[in-house]
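Asks: The sequence and its predicted three-dimensional model are supplied below.
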Amino acid sequence: MKEGNYIKLELPSLAVNEGFARSAAAAFCSQLDPTLTELGDIKTAVSEAVTNAIVHAYPDSIGTIYIRCRILAGDIIEIAVKDKGRGIEDIEKAREPLFTTGGDDRSGMGFTIMETFMDSVKVRSRPGSGTTVTMRRRIEKRRKGQ
Amino acid sequence: MTVQAKREGPALRLMLRGELDHSAAQGLWHRIEDIISYESPRDCCLDLSKVSFMDSSGIAIILKTYRMVNSAGGRLWIENAAQQPLRVLDASGIDRIIKITALN
Ligand SMILES: Nc1ncnc2c1ncn2[C@@H]1O[C@H](COP(=O)(O)OP(=O)(O)O)[C@@H](O)[C@H]1O
Ligand SMILES: [Mg+2]
């Protein structure tokens, strides 16, 4: 029974954890037998959400990032990345391509990439209390030998 | 993340290797900046054949490199992008200003 299976990770907002976070999410997804493309897409989306928590949520301090990956009915993988950081003033604006508050170190394409690579991306945020990004992607059933 | 530079006539090939994410980006940018100012090539090729992962932090690095090369009158292009970096490049729309070729 894969449905209902989950993992929870809690990590300090250190850049060195970005690689671990996306690899852990990808390893969890492997039980649904995804293609390399699906796995790459999920890894990329997780990397974007975790980087945002590190860079934007906790800009001048180290905070905690909470990641939950779980499997929903119908081979859907859900990944929630939560922080208790600065929060987002205007979510709609933050999601626009090229919008960034990070200067030329950032591209403003993080949310666009999450939206392109996942089936759905939900953002809940309150200034001063934090942000949760919840993403879902259905893993295609593969025929034998594919 | 490492960078290797190779002169090819008026162009400089920058061979990037590793995972290009936010944790790698700052160190990488300092090295690219150093190499380009020292070599001052006309054109520059970013060779991504050994980049196994890239996210939007890589897009920011590519754009900064593009602006540096472009402001000195040179051209920048990308070669040998593997599947995952290529999908990120495609999603970013960067191919409207930078020529990209995929790893075959
Ligand atoms: N977890 C977060 N906490 C606070 N602000 C955030 C968070 N995630 C995103 N943002 C805001 O949304 C903007 C857009 O994010 P994104 O599309 O990933 O682009 P980038 O990270 O390159 O700035 C950020 O510049 C930042 O202002
Ligand atoms: Mg981002």
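Replies: Noted; the coordinates are in hand. Ligands and ions are numbered 1, 2, ... in the order given.

Asks: Need the per-residue pLDDT for the residue of chain B found nearest ligand 1.
Replies: Nearest to ligand 1 in chain B, going by CB to the nearest ligand atom, is residue B:56, at a distance of 5.6 Å. Any C-beta I mention is one placed from the backbone N, CA and C, and that applies to glycine too. pLDDT, residue B:56: 98.

Asks: what's the single longest helix in chain B?
Replies: helix B:22-39 (DSSP state H).

Asks: does it come close to ligand 1?
Replies: No: judged by CB under 6 Å from any ligand atom, helix B:22-39 and ligand 1 are separated, with a smallest distance of 8.6 Å.

Asks: re earlier: I'd guessed the residue of chain B closest to ligand 1 sits against residue A:105; true?
Replies: No: Residue B:56 is beyond contact range of residue A:105, at 10.9 Å (criterion: CB atoms under 8 Å).

Asks: Which one's more surrounded, these two?
Replies: For residue B:56 versus residue A:105, neighbours defined as other CB atoms under 10 Å in any protein chain shown are more numerous around residue B:56 (28 against 15).

Asks: Enumerate every residue touching the more buried one.
Replies: A:48, A:51, A:106-107, A:109-110, A:113, B:88, B:92 (CB atoms under 8 Å, 6 or more residues apart in numbering or on different chains).

Asks: interface residues of chain B facing ligand 1?
Replies: Within chain B, the positions near ligand 1 by CB under 6 Å from any ligand atom are residue B:56.

Asks: can you tell me the residue of chain B closest to ligand 2?
Replies: residue B:56 (5.7 Å; CB to the ion).

Asks: Since that was my last question, I'll sign off now.
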